[in-house]
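Enquirer: any chance you could fold what I've pasted below:
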Amino acid sequence: MVPIGTTMEPRTSESIRESSGHEWAPNHRVGWLALALAVGCILVARNLLGTVVFASWMATTFYALYLRLAAKTHPVLAALVMTFAIVVVIMGPLALGGVIITTRVVDLRRAPTIGRSAVGRVRLQSGRAPNGTRRPVS
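Expert: As a prediction, this is how the structure comes out:
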């Protein structure tokens, strides 16, 4: 403990080295570990970035409406009503659009192809190659 009235000089890196008896050297393993953790966090966050942006947009958009509703009713009821409204108004059309797009893509993949490949298939089924020569049917 330092007596009252005396001043202490701040310790410098040189005084710390002198008192510890060895040179301070940065540990490179810690630096590589920190770099690996930073890269890992970026890789994980990259997949979640769209979700985080969408969630922050929804929170900032609907918070004012929630506050108005919570002032008129019980806050738990207001939260329940807002959750139901968000599911119906925002998520419902998004889910419906996803289903519609998926069914159309599946229908397109099942539809007969137009162009050279469809003609080639018809000719191969009739026993003729695309260049007009007869092909043995197996």
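Enquirer: just checking, residue 4 is part of a helix?
Expert: No. Assessed with DSSP: H, G, I helix; E, B strand; the rest coil, residue 4 is coil; it does not lie in a helix.
Enquirer: burial of it, as a residue count?
Expert: Neighbours of residue 4 under the rule other CB atoms under 10 Å: 5. No exception for glycine: its C-beta is placed from N, CA and C like everyone else's.
Enquirer: measure it to residue 54 for me?
Expert: According to CB to CB, to the nearest Å, residue 4 and residue 54 sit 60 Å apart.
Enquirer: next: residue 104.
Expert: Distance of residue 104 to residue 54, given as CB to CB: 24 Å.
Enquirer: and the helices in the chain?
Expert: Along the chain, counting by DSSP state H, helices occupy 13-20, 28-72, 75-86, 92-110, 116-126.
Enquirer: make a markdown table out of those helices and add mean neighbour count and mean pLDDT.
Expert: Output for those, formatted as a markdown table (neighbours: other CB atoms under 10 Å; pLDDT from 0 to 100):
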| stretch | mean neighbour count | mean pLDDT |
| --- | --- | --- |
| helix 13-20 | 10 | 60 |
| helix 28-72 | 11 | 89 |
| helix 75-86 | 13 | 93 |
| helix 92-110 | 10 | 88 |
| helix 116-126 | 12 | 49 |
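Enquirer: nearest spatial neighbour of residue 82, skipping sequence neighbours?
Expert: residue 66 (5.0 Å; CB to CB, 6 or more residues apart in numbering).
Enquirer: from residue 77, how far off is that neighbour?
Expert: Between residue 66 and residue 77 the computed distance is 11 Å (CB to CB).
Enquirer: could you do residue 97 as well?
Expert: 30 Å.
Enquirer: try residue 58
Expert: 20 Å.
Enquirer: can I get stretch 62-75 in PDB, CA atoms only?
Expert: Taking C-alpha atoms only, stretch 62-75 is exported to PDB below (Å, rounded to 0.1, in the frame of the first residue of the first chain):
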ATOM      1  CA  PHE A  62     -44.500  -2.600 -36.000                       C
ATOM      2  CA  TYR A  63     -43.200  -1.300 -32.700                       C
ATOM      3  CA  ALA A  64     -45.100   2.000 -32.900                       C
ATOM      4  CA  LEU A  65     -48.400   0.200 -33.600                       C
ATOM      5  CA  TYR A  66     -47.700  -2.200 -30.700                       C
ATOM      6  CA  LEU A  67     -47.200   0.800 -28.300                       C
ATOM      7  CA  ARG A  68     -50.500   2.300 -29.300                       C
ATOM      8  CA  LEU A  69     -52.300  -1.000 -28.900                       C
ATOM      9  CA  ALA A  70     -50.600  -1.700 -25.600                       C
ATOM     10  CA  ALA A  71     -51.700   1.700 -24.300                       C
ATOM     11  CA  LYS A  72     -55.300   0.800 -25.000                       C
ATOM     12  CA  THR A  73     -55.300  -2.900 -23.900                       C
ATOM     13  CA  HIS A  74     -53.200  -5.200 -21.800                       C
ATOM     14  CA  PRO A  75     -49.600  -5.500 -23.100                       C
END
